[in-house]
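J.: Whatever this is, show me its structure:
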Amino acid sequence: MLVNLDQVLEKAKAEKYAVGLFNTHDTDMLEAAISAAEEARSPIIIGTAEVLLPYGDLPLIAPALVTAAKRATVPVVVHYDHGLTFEKTMEALKLGFSSVMYDASAKPYGENIAETKEVVKIAHAFGATVEGEIGHVGLAAAGDDKNGQYTTVEEAVDFQTKTGVDALAVAVGTAHGVYKSKPCLQFGRIAELKAAVAAPLVLHGGSGLSDDDFRQAIDCGIAKLNIHTDMVVAGMKAMREQCACHDAAKPATWDYLDTRKAKVEAIKQVVARKLQLFGSVNKA
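T.: Predicted coordinates:
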């Protein structure tokens, strides 16, 4: 069933588990994520991000995402991740996304508040939820906050109060993509933010974190976790292995389909393991 963030994150926050966002910018990834969630009886968040649109055109993938969510037997949020432009974020809402993230965190603080507040006003009229970001995810991933890149409690409270965002992404030591060095999460800061901020907290850059990192982050107050890179890595590994054992005598058509099947299954296993780790199994 198609739902928004409020309908899955408030329960997660109260019961101390997290709901995973899995960016699914093609139907192979979409099939893997939805089937894993249904088997686990877990709520799930699917979607795509603005930086991924060259690899999955928004008007093309949106109907598949929305249809899959409506058909699913578990709660599914269709979320537009890291909307960097007002125009594309509005397009996602018009195409039926039930949630959007408007990311103006790289802009001056006042602009971030003003633009995010406007998106919240419009999205709520659609019945959709909004995630905002304060701090700079990825710029302080080594545990060093000399440049003040981590989210402060004061800014987080001010930002959430003034914008009315339904979820808040915070910078506490994670980074997007593949980690070049071991991340150093600020668990104490997460706990402080959770105690002070009304909205559920979101952790970006989940791929590559240890199981203990995930468990502790959730225990300290993270209610939404974002995954993409781990899915891509697993899918690529499965395809390479399938191609390496290619039977030259086999028709090319079946080899292609077997490769796709292997990719979908590998991504599904990543999603299934994360749902278990996040504690959302049987929470649908």
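J.: where does the stretch 151-284 of the chain dip in pLDDT?
T.: Across the stretch 151-284 of the chain, the ranges flagged by pLDDT under 70 are 175-183, 246-254.
J.: The same query, at a cut-off of 90, please.
T.: Residue ranges of the stretch 151-284 of the chain with pLDDT under 90: 171-186, 205-210, 242-258.
J.: Now do the buried residues in the helix of greatest length in the chain.
T.: Using DSSP state H to define each element, the chain has its longest helix at helix 252-278. Going by neighbour count (16 or more other C-beta atoms under 10 Å), the buried part of helix 252-278 is 255, 258-260, 262-264, 266-268, 270-272, 274-275, 277-278. Quick note: C-beta positions are derived from backbone N, CA and C, even for glycine.
J.: any idea which element the nearest residue to Lys107 once chain neighbours are set aside lies in?
T.: Nearest in space to Lys107, with sequence neighbours left out and distances taken as C-beta to C-beta, 6 or more residues apart in numbering, is Glu115 at 7.3 Å. Assigned by DSSP states H and E, Glu115 belongs to helix 109-126.
J.: That helix - what's its average pLDDT?
T.: For helix 109-126, mean pLDDT is 97.
J.: what separates the helix or strand just after that helix from the chain centre, distance-wise?
T.: Later in the chain than helix 109-126, the nearest helix or strand by DSSP H and E is strand 129-134. In terms of C-alpha atoms, centre = their mean, to the nearest Å, the centre of strand 129-134 is found 12 Å from the chain centre.
J.: could you dump strand 129-134 to CSV, C-alpha only?
T.: Extracted C-alpha coordinates of strand 129-134, given in CSV (Å, rounded to 0.1, in the frame of the first residue of the first chain):
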residue,chain,number,x,y,z
THR,A,129,5.7,14.3,3.5
VAL,A,130,9.0,16.2,3.4
GLU,A,131,12.5,15.4,4.6
GLY,A,132,15.0,18.2,5.0
GLU,A,133,18.7,18.3,5.8
ILE,A,134,20.7,20.4,8.2
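J.: Tell me which residues are up against it.
T.: Strand 129-134 has contacts (C-beta atoms under 8 Å, 6 or more residues apart in numbering) with 4-6, 77, 79, 98-105, 112, 116, 119-120, 123-124, 151, 155-156, 159-160, 163-171, 202, 204, 224.
J.: Also stretch 108-115?
T.: With C-beta under 8 Å, 6+ apart as the criterion, stretch 108-115 contacts Phe86, Tyr102, Ala104, Ser105, Lys107, Gly132, Ile134, Glu155, Phe159, Lys162, Thr163.
J.: Buried residues of that stretch, list them for me.
T.: Asn112, Ile113, Glu115.
J.: Which single one of those residues is nearest to Pro54?
T.: Top of the list for closeness to Pro54, among the buried residues of stretch 108-115 and by C-beta to C-beta, is Glu115 at 23.6 Å.
J.: the helices in the chain, which residues?
T.: Under DSSP H, the chain gives helices at 6-15, 27-40, 58-71, 86-94, 109-126, 153-163, 187-196, 211-220, 229-244, 252-278.
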